[in-house]
Structure formats: C-alpha cells, structure tokens
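Participant: Can you look at this prediction? I've put the sequence above it.
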Amino acid sequence: KAGVTQTPRYLIKTRGQQVTLSCSPISGHRSVSWYQQTPGQGLQFLFEYFSETQRNKGNFPGRFSGRQFSNSRSEMNVSTLELGDSALYLCASSLTPTAADTQYFGPGTRLTVL
Amino acid sequence: GNSVTQMEGPVTLSEEAFLTINCTYTATGYPSLFWYVQYPGEGLQLLLKATKADDKGSNKGFEATYRKETTSFHLEKGSVQVSDSAVYFCALRLNTGTASKLTFGTGTRLQVTL
C-alpha cells in the first residue's frame, strides 16, 4: 500500500507570496493532519481534517488555511509569506481522528521563504 | 494543557551499547503514546505505540512501556547499531471532542559510533 505522498518536496518563495501544499493520504485513510517543523519551535500542529471538515486547528494565524476534498486529499495554503514560515511541513494520515489510530507521515515539503 | 518532556540530546553511544531515552507526559485524560523516528531529510516514521496503561510497544528491538503511575513512556534498546542514528520523538494523542492531535516532545538526537 502506498504511503502518504506530499507535493512538492521543495519550494522556494519570496516574502509576500502565497503557497499551496498538497497531501495524498494512505488509501482508506480519512483523517489528515498537518504539522510544521522548525528547529526553534519543533513540531507544531496546524490542522486536522476528517470527512472534509476541519476538526481541530492549532495556534497559527489566519494566513494558514487548509481544506480536504471528498477523496480525502488535502491542501494547505499559506498567504502573505513571512521569513518565519520557512519550515518543513508534514502531512499525516490515519483511518480516523481517534487517538488510538496511528498517524502515518509523509516525507514533508521543505518551504524556504527568501 | 497536554505536554511531552524528553531528555535533552544529543545522546552519543558506542555500537552495541544499551539505550534509554526518557519521556514523560502531562495529559488531562488517558492518551495514546507513540515513539516516532526521523532520519535526516525524511519525514517521521512510527517506531512503536501503546494505547493503554501497562501496554508495551515494541519494534526493531526497541521497546517502551506505558506507565500511568509515573506518566512515562521511556524508549529502550538493548544493543544499538550505527543505523539507529536519528532523532527520536515521543508523542501523545488524546481524544478531545471530535478530533485529536499529536503533541510532540522536542526530540532526542541519537548518534551511534563504531
């Protein structure tokens, strides 16, 4: 079974631009979560989607948004990029949002903001 | 709020040495507990998990036991290899309403030398 895939793997943007990242979950998984990883802040939760509905949102500004499609694929968007948005963005999928279900991670998208 | 505390790294060991990485948690409720591993340039891989008190998770020679009385989930391996060099993250996942998210520790870098 194919794992979680994320595209693109690498992105370079400049301040003020916007970016869209894509995530395809493991087949059959309906819950998708996004995390930001930086050296300073570690791994921080962004959002969680299940059945096309945002179920949970982390403490990030409104410039960060996301959505989930009927096939469970998910996208996240960051508008008006800032230098501090440079990070590895990780997507994870699980069967359901239940705590006992394991979240499986993709390889991440490395975003660099210049 | 919920939190995970891991021992500071880096941890440097010789091959075949015994490994312990300490992890303690604070949670309002009964979380599921996970260890993830991250190799350079990659996403997170699930190493093992435990979903209730006294459960022992194990995989690839690594073990961790869910200790509710000490709120701990320490990772152990009897004989480490150079290929175990990576960053290890302890995490908890707790059901909150209709969703749950992973809360991570800061990660512990392990370096194994010949």
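Facilitator: Great, that's in hand.

Participant: Report the secondary structure state of the residue of chain A found nearest chain B.
Facilitator: Nearest residue of chain A to chain B: residue A:55, at 3.3 Å (CB to the nearest CB). Where you see a C-beta, it was placed from the backbone N, CA and C, and this is true even at glycine. Look at residue A:55: counting by DSSP: H, G, I helix; E, B strand; the rest coil, its state is strand.

Participant: what about the strands in the chain?
Facilitator: Picked chain A for this. A:5-7, A:10-13, A:19-24, A:31-38, A:42-50, A:53-57, A:64-68, A:74-78, A:87-94, A:104-105, A:109-113 (DSSP state E).

Participant: wrong one, I was asking about chain B
Facilitator: Going by DSSP E, chain B shows strands at B:3-6, B:11-14, B:19-21, B:23-26, B:32-38, B:44-50, B:56-59, B:62-65, B:75-77, B:86-96, B:99-104, B:108-113.

Participant: Of the ones you listed, which is nearest residue A:97?
Facilitator: The closest of the strands of chain B to residue A:97 is strand B:99-104. By CB to CB, the value is 4.7 Å.

Participant: What residues does chain B have near chain A?
Facilitator: B:31-32, B:34, B:36, B:42-46, B:49, B:51, B:89, B:93-107 (CB under 8 Å from any CB of the partner chain).

Participant: Chain B contacts on chain A?
Facilitator: A:4, A:33, A:35, A:42-43, A:45, A:48, A:50, A:55-56, A:58, A:90, A:92, A:97-100, A:102-108.

Participant: Now restrict those to buried residues only.
Facilitator: Among the residues of chain A next to chain B, those buried by neighbour count (16 or more other CB atoms under 10 Å in any protein chain shown) are A:4, A:33, A:35, A:43, A:45, A:48, A:50, A:55-56, A:90, A:92, A:97, A:99-100, A:102-108.

Participant: OK, contacts around the most centrally placed residue in chain A?
Facilitator: Taking CA atoms, centre = their mean as the criterion, residue A:34 is the residue nearest the geometric centre of chain A, at 3.2 Å. Applying CB atoms under 8 Å, 6 or more residues apart in numbering or on different chains to residue A:34 gives the contacts A:23, A:45, A:46, A:47, A:48, A:66, A:74, A:76, A:89, A:90, A:91, A:92.

Participant: ok, so of those, who is nearest residue B:57?
Facilitator: In terms of CB to CB, no member of the contacts of residue A:34 lies closer to residue B:57 than residue A:92, at 18.0 Å.

Participant: Looks like that closest one contacts residue A:105 (just checking).
Facilitator: Yes - under the criterion of CB atoms under 8 Å, residue A:92 makes contact with residue A:105 at 4.7 Å.

Participant: who touches both of these two?
Facilitator: Counting by CB under 8 Å, 6+ apart, the residues touching both residue A:92 and residue A:105 are A:4, B:44.
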